[in-house]
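give the three-dimensional model of this entry:
(2 chains)
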2 protein chains.
Amino acid sequence: MSQEEFQLIKRYFVSDTEGDDVLLGIGDDAAVVNSSGPLAVATDTLVSGIHFPVHMPPDAIGYRSLAVNLSDLGAMGAEPRWCTLALAIPDPQESWLEAFSAGLFELAKLHGVSLVGGDLTRGPLTVTVHLLGPINPDRMLTRSGGKVGDDLYVTGSLGDSAAGLEFFSKNTHEIGPHHAALIARFLKPTPRVEEGRVLSSLASAAIDISDGLLADLGHICEASDCGAVVDVGRIPLSPDLAALFPKEAAQAHALGGGDDYELCFTAAPAQAEAVECAMNKVGTAVQSIGRLVAGEGVTCHRDGETFSPPNRGYVHFSS
Amino acid sequence: MSQEEFQLIKRYFVSDTEGDDVLLGIGDDAAVVNSSGPLAVATDTLVSGIHFPVHMPPDAIGYRSLAVNLSDLGAMGAEPRWCTLALAIPDPQESWLEAFSAGLFELAKLHGVSLVGGDLTRGPLTVTVHLLGPINPDRMLTRSGGKVGDDLYVTGSLGDSAAGLEFFSKNTHEIGPHHAALIARFLKPTPRVEEGRVLSSLASAAIDISDGLLADLGHICEASDCGAVVDVGRIPLSPDLAALFPKEAAQAHALGGGDDYELCFTAAPAQAEAVECAMNKVGTAVQSIGRLVAGEGVTCHRDGETFSPPNRGYVHFSS
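Numbers count the residues shown, from 1 in each chain, chains lettered A, B, ... in the order given. Okay, here's the model as predicted:
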């Protein structure tokens, strides 16, 4: 690590809000954290032009780099605690780093996460955050715990981020408050961390919706060795999305659009009341949208009839 | 994660050698490891064309991506246990992934490290490994523990990797056994993990030599608030390096060349015998090359006189 790299790290990434559970923070060959039991471990990489538009504001990139990992730990029912940041950047402009760091720390502080180390290097803009946090292995939420007959739920509302990305990328001048709300949701999605922790004793399986409901629910089906039926009319849509799109277009965004970072989870029917009550307490909307069934894959129903949605979600390596 | 991405991960990155301490491995939103106490945490990113030549063989890239992190944990005296891999790649060729994975697992198996998760995505070739392992906080090796009067040591020999890179990049046809040995050292450096663990009760400060002796020793000096004097004639050079370079050129490689991944450490003079005995047991050469002094910065002596080496080490963001 060069002096210059070290100075940039010191200026923008050493925070005064490191927890007492950090025994050695940024600046040595490795960090040391005072962990005391089983840990959940997640890593997600964001590549400029692939996972976010090249003109995305740096504070939103910093925010998102942690949000996607918080969302992963949330979907496990874990408690995020420590992260590292590996940042490759073509040219380390101070104004860029300052905004990026502000976005990252905005979310880190909100969730009590300490940035304990990382790597800053020259390269095509690529951000990898690695997140650690305690988890109770007897209550961890996997993708594989779903049972035929379980109810299927989602938190919040779906489709906003995909629609927001559309408006953000178009860079249109006709931006009203609904457009702005959707763009804001795309730029700074809310990871469902507290929700995951609360659900860890109630849900049978869970995943966070990063690639779209159909794609991610498909992972639960595959891992749980079952199928799912989704009643498309029950999928929660935000007032902003509903105001700007005809119903079917809004539903298409909700089924196939990624980056919402809501939780999709399943629970035994006997848990229905407990699920609703728990999510009420956290203050997050929850909606049952279908159930797990024998078979495989996700089937969509609309107005009582089966239909094939136009977009099955984000596929990273498709040509 | 798409089906295709998932299939590639399953084929090349799910190993049957996962330890019993992995409660949930690759394939869910996060991995869960059965940690039970303080952990050392390191992250290093390798960018193609920046940290390694674009024509580096993929098995050497896979090997190196873990080696650099093992080296960091070694320099802390920690015990590497679990890693994740974030791999951005422009085009996921199966032959490339197979070789990359073989190189990574070669080293992972040697050190008993389980690959527990990660992220595979399209993007400019960038490899970030994150490595975790138990550490005794009362015996961790930092950069800041050096005291004026401490002896200064390095393990193994220095300069081979820098010279090896030179020959590898030239792609010359006149490759003899010495050239081949240096190129091999560059392609597959040996991280000093066992050495670091043994030294954790003997050394006062340590760092791994990734950017060159002068640069990395400079970090010890700064963190320990002192200076260092290096007797350049005592720096250990391999027979291969000595055979191919005049003495001064070999020493220049040893002082400024990166990527050797030897340990540079300090210890109180009273520990000299214990250090030698411990490293003998591990079977790794160790050489005292100077001492820590009052003041700041690294001063080089050769044949009793002060001199300024031509190359101060790798600077990531220099223009």
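
where does pLDDT dip in the stretch 51-200 of chain A?
Along the stretch 51-200 of chain A, the model assigns pLDDT under 70 to residues A:171-173.

check which helix or strand the residue nearest to A:Ser101 when sequence neighbours are not counted maps to.
Using C-beta to C-beta, 6 or more residues apart in numbering or on different chains and skipping the chain neighbours, the partner closest in space to A:Ser101 is A:Tyr12 (4.2 Å). Backbone N, C-alpha and C define where each C-beta goes, glycine included. Secondary structure assignment for A:Tyr12, by DSSP states H and E: helix A:3-13.

quick one: the lengthiest helix in chain A to helix A:3-13, angle?
Longest helix of chain A, by residue count under DSSP state H: helix A:58-76. Taking axes from the mean of the first three to the mean of the last three C-alpha atoms, to 10 degrees, one finds that helix A:58-76 is oriented at 70 degrees with respect to helix A:3-13.

distance from helix A:58-76 to the middle of the chain?
6 Å (C-alpha atoms, centre = their mean, to the nearest Å).

right, and the helix or strand after it?
Moving on from helix A:58-76 towards the C-terminus, the next helix or strand you reach (DSSP H and E) is strand A:82-89.

tell me what that following strand is packed against?
On a contact count with 3 or more C-beta pairs under 8 Å, 6 or more residues apart in numbering or on different chains; DSSP states H and E, strand A:82-89 meets strand A:31-33, helix A:58-76, helix A:94-110, strand A:114-122, strand A:126-134, strand B:39-47, strand B:126-134.

hmm, 7 Å instead?
Secondary structure elements in contact with strand A:82-89, counted by 3 or more C-beta pairs under 7 Å, 6 or more residues apart in numbering or on different chains; DSSP states H and E, are strand A:114-122, strand A:126-134, strand B:39-47, strand B:126-134.

wait, which of those is closest to A:Gly77?
The closest of these to A:Gly77 is strand A:126-134. By C-beta to C-beta, the value is 10.2 Å.

looking at the stretch 101-250 of chain A, which residue is nearest chain B?
Here the stretch 101-250 of chain A gets closest to chain B at one residue, A:Gly123, 3.4 Å apart by C-beta to the nearest C-beta.

what sits against that residue?
Contact criterion C-beta atoms under 7 Å, 6 or more residues apart in numbering or on different chains gives A:Ala88, B:Val47, B:Ile50, B:Thr126 as the residues in contact with A:Gly123.

show me which pair in those residues is furthest apart.
Within those, B:Ile50 and B:Thr126 form the most distant pair, 9.2 Å apart (C-beta to C-beta).

between those two, who's got more neighbours?
Regarding B:Ile50 and B:Thr126, a neighbour count based on other C-beta atoms under 10 Å in any protein chain shown identifies B:Thr126 as having more, with 27 against 16.

okay, and the beta partners of the more buried one?
For B:Thr126, the residues forming beta bridges with it (DSSP bridges) are B:Val47, B:Ala88.

please apply the same query to the one 5 residues further on.
On DSSP bridges, the residues paired with B:Leu131 through beta bridges are B:Ala42, B:Cys83.

touching, it and B:Ala40? I think so.
No - in this structure, B:Leu131 sits apart from B:Ala40 without contact. The criterion is C-beta atoms under 7 Å, and the distance is 8.2 Å.

shared neighbours of the two, anything?
Between them, B:Leu131 and B:Ala40 share the contacting residues B:Leu73, judged by C-beta under 7 Å, 6+ apart.

looking at the two, which one has more neighbours?
For B:Leu131 versus B:Ala40, the count of surrounding residues by other C-beta under 10 Å is larger for B:Ala40: 31 against 27.

got a list of what the more buried one touches?
Neighbouring residues of B:Ala40 by C-beta under 7 Å, 6+ apart: A:Ala30, A:Val32, B:Leu73, B:Met76, B:Ala78, B:Gly133, B:Ile135.

again, but for A:Arg197
By C-beta under 7 Å, 6+ apart, the neighbours of A:Arg197 are A:Gly77, A:Glu79.

B:Leu217: which of the contacts of A:Gly123 is nearest?
When the contacts of A:Gly123 are compared for distance to B:Leu217 (C-beta to C-beta), B:Ile50 wins out at 23.2 Å.

how about that closest one, secondary structure?
When states are read from DSSP: H, G, I helix; E, B strand; the rest coil, the local structure at B:Ile50 comes out as coil.

mind listing the strands for the stretch 201-319 of chain A?
Using DSSP state E, counting those that start in this stretch, the strands of the stretch 201-319 of chain A run over residues A:205-208, A:227-231, A:263-267, A:286-293, A:297-302, A:305-307.

what about the longest one, average pLDDT?
Averaged across strand A:286-293, the pLDDT comes to 98.

what's the answer for the third one, then?
Throughout strand A:263-267, pLDDT has a mean value of 98.

with adjacent residues omitted, what lies nearest to A:Ser35?
The spatially closest residue to A:Ser35, leaving aside those adjacent along the chain, is B:Leu39, at 4.9 Å (C-beta to C-beta, 6+ apart).

shouldn't that neighbour be in contact with B:Leu132?
Yes - the pair B:Leu39 and B:Leu132 passes the contact test of C-beta under 7 Å, sitting 5.4 Å apart.

the more surrounded of those two?
When B:Leu39 and B:Leu132 are compared on other C-beta under 10 Å, the one with more neighbours turns out to be B:Leu132, at 30 against 27.

ok, now how distant is that one from B:Ala254?
Computed as C-beta to C-beta, to the nearest Å, the B:Leu132 to B:Ala254 distance reads 32 Å.

how much space between A:Gln7 and A:Pro92?
Using C-beta to C-beta, we find A:Gln7 at a distance of 10 Å from A:Pro92.

more neighbours: those two, which one.
The neighbour comparison of A:Gln7 against A:Pro92 (other C-beta under 10 Å) goes to A:Pro92, with 17 against 11.

and of the strands of the stretch 201-319 of chain A, who's closest to chain B?
Between chain B and the strands of the stretch 201-319 of chain A, the shortest separation by C-beta to the nearest C-beta is 6.1 Å, and it involves strand A:205-208.

what's the end-to-end length of stretch A:249-263?
Criterion C-alpha to C-alpha, to the nearest Å; first-to-last residue distance in stretch A:249-263 is 22 Å.

next, the buried residues of it.
Within stretch A:249-263, the residues that qualify as buried by neighbour count (16 or more other C-beta atoms under 10 Å in any protein chain shown) are A:250-263.
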